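A.B. asks: Let me see the structure of the following:
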Amino acid sequence: MSALPVLVSVDGAVATLTLNRPAAGNTVNQPLADALLDAAIRCDNDPAIRCVVLTGHGKLFCGGGDISAFDAAGDQVPAFLSRLAGTLHMAVTRLLRMDKPLLVAVNGPAAGAGLSLAISGDVVIVAHSAHFIAAYGSVGLTPDGGMSWLLPRHVGLRRAQEIILTNRKVSAEEAAAIGLVTRTVPDDQLAPEMAKTARMLADGPTGAIAGARALLLESSHSPLEGQLERETRSIAAAGGSAECREGVAAFLGRRKPDFSGDA
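C.D. replies: Numbering: from 1, shown residues only. Below you'll find the model as predicted:
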């Protein structure tokens with residue numbers, strides 16, 4: 001397999017980003033962060049891509065930051081981490097705000113920033129053998145990758161406090177039960193389930209999905225009246241789209257809608 005830290009493959013309307021440092025547990029160093037940002041920008045700006053998949057190569061999904069790189073930075077660790085986290089955060093922002101859905105397929109354990117990346121998806125499918133751990137406290141660090149924002153939204157503040165502050169391991173089964181991830185599958189079913197779900201998302205109304213993603217990002221800190229106004233503006237804009245015209249026509253015609261733009 002290629003030595004590139006992030007592999008990008010495009011199959012039809014689905015782009016798959018694969019973290020590709022298996023010998024290092026897919027841990028995040030500067031080259032991987034740079035490559036993930038480049039891949040996120042590419043996916044964000046390519047209208048032919050209608051769904052993005054993020055997964056890992058090897059036994060781990062992502063083991064978090066590359067601790068050996070932290071050590072190598074010596075006294076320059078603050079500057080090193082500022083650049084590394086800043087680059088990673090630009091990638092995360094792109095993935096969360098792009099106008100297409102993000103599917104994360106967690107092929108193995110996820111720790112630190114790997115946990116942050118794992119839970120950033122709109123749909124998160126997890127292999128039974130995977131588990132999650134915050135890990136930051138064990139090396140005297142605080143969360144990055146959006147964990148302090150994403151985790152409380154998914155599992156509530158009290159559980160987020162426990163997971164981050166105690167560094168306890170969360171199994172795949174528990175992660176699904178508490179809403180940290182969408183669902184679990186047997187390890188040998190992860191790839192086919194990933195492909196099936198990605199195709200379903202890519203075939204969906206990506207304009208409407210983009211609008212829903214944007215509304216959900218604003219929902220936790222938006223007053224009720226402000227969120228209702230956003231919903232009004234969003235649904236009105238969606239009502240004038242080709243997607244809506246196709247959806248309505250398909251509903252009335254009792255057929256499956258074609259949101260590809262070729263209808």
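A.B. asks: Next, the contact list for the closest residue to Gly204 other than its chain neighbours, please.
C.D. replies: Nearest non-adjacent residue to Gly204, counting by Cβ to Cβ, 6 or more residues apart in numbering: Phe259, 6.1 Å away. Any C-beta I mention is one placed from the backbone N, CA and C, and that applies to glycine too. Neighbour list for Phe259: Asp203, Gly204, Pro205, Thr206, Glu243, Glu246, Gly247 [criterion: Cβ atoms under 8 Å, 6 or more residues apart in numbering].
A.B. asks: Buried by neighbour count, from those: which ones?
C.D. replies: Listed as buried from these are Asp203, Gly204, Pro205, Thr206, Glu243, Glu246, Gly247; burial here means 16 or more other Cβ atoms under 10 Å.
A.B. asks: Closest one of those residues to Glu174?
C.D. replies: Nearest to Glu174 out of the buried ones among the contacts of Phe259 is Gly204 (Cβ to Cβ; 29.3 Å).
A.B. asks: Doesn't that closest one lie inside a strand?
C.D. replies: No - Gly204 is assigned coil when assessed by DSSP: H, G, I helix; E, B strand; the rest coil, not a strand.
A.B. asks: Show the pLDDT at it.
C.D. replies: The confidence metric pLDDT takes the value 93 at Gly204.
A.B. asks: Equivalent analysis for Ala195, please.
C.D. replies: 97.
A.B. asks: do you know how far Leu190 is from Ala198?
C.D. replies: 12 Å (Cβ to Cβ, to the nearest Å).
A.B. asks: Among those two, which residue is more densely surrounded?
C.D. replies: Higher neighbour count among Leu190 and Ala198: Ala198, with 25 against 22, using other Cβ atoms under 10 Å.
A.B. asks: Just the CA atoms of the strand or helix carrying that one, as CSV, please.
C.D. replies: Using DSSP states H and E, Ala198 maps to helix 190-202. In CSV, the C-alpha atoms belonging to helix 190-202 read as follows (Å, rounded to 0.1, in the frame of the first residue of the first chain):
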residue,chain,number,x,y,z
LEU,A,190,-17.5,-3.5,8.4
ALA,A,191,-16.4,-3.0,4.7
PRO,A,192,-19.6,-4.1,3.1
GLU,A,193,-21.7,-2.2,5.6
MET,A,194,-19.5,0.9,4.9
ALA,A,195,-20.0,0.5,1.2
LYS,A,196,-23.7,0.0,1.4
THR,A,197,-24.2,3.0,3.7
ALA,A,198,-22.0,5.3,1.7
ARG,A,199,-23.9,4.5,-1.5
MET,A,200,-27.2,5.2,0.3
LEU,A,201,-26.0,8.5,1.5
ALA,A,202,-24.5,9.4,-1.9
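A.B. asks: mind listing what's buried in the helix or strand following it?
C.D. replies: Following helix 190-202 in sequence order, the next helix or strand is helix 206-219 (DSSP H and E). Across helix 206-219, burial judged by 16+ other Cβ under 10 Å covers Thr206, Gly207, Ala208, Ile209, Ala210, Gly211, Ala212, Arg213, Leu215.
A.B. asks: Return helix 206-219 as CSV; C-alpha atoms alone will do.
C.D. replies: The C-alpha trace of helix 206-219 is given here as CSV (Å, rounded to 0.1, in the frame of the first residue of the first chain):
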residue,chain,number,x,y,z
THR,A,206,-27.3,15.9,-0.6
GLY,A,207,-28.5,19.5,-0.7
ALA,A,208,-31.1,18.7,2.0
ILE,A,209,-28.6,16.7,3.9
ALA,A,210,-26.2,19.7,3.9
GLY,A,211,-29.0,22.0,5.2
ALA,A,212,-29.8,19.5,8.0
ARG,A,213,-26.1,19.2,8.9
ALA,A,214,-25.8,23.0,9.2
LEU,A,215,-29.0,23.2,11.4
LEU,A,216,-27.7,20.5,13.7
LEU,A,217,-24.4,22.2,14.2
GLU,A,218,-26.2,25.3,15.3
SER,A,219,-28.8,23.6,17.5
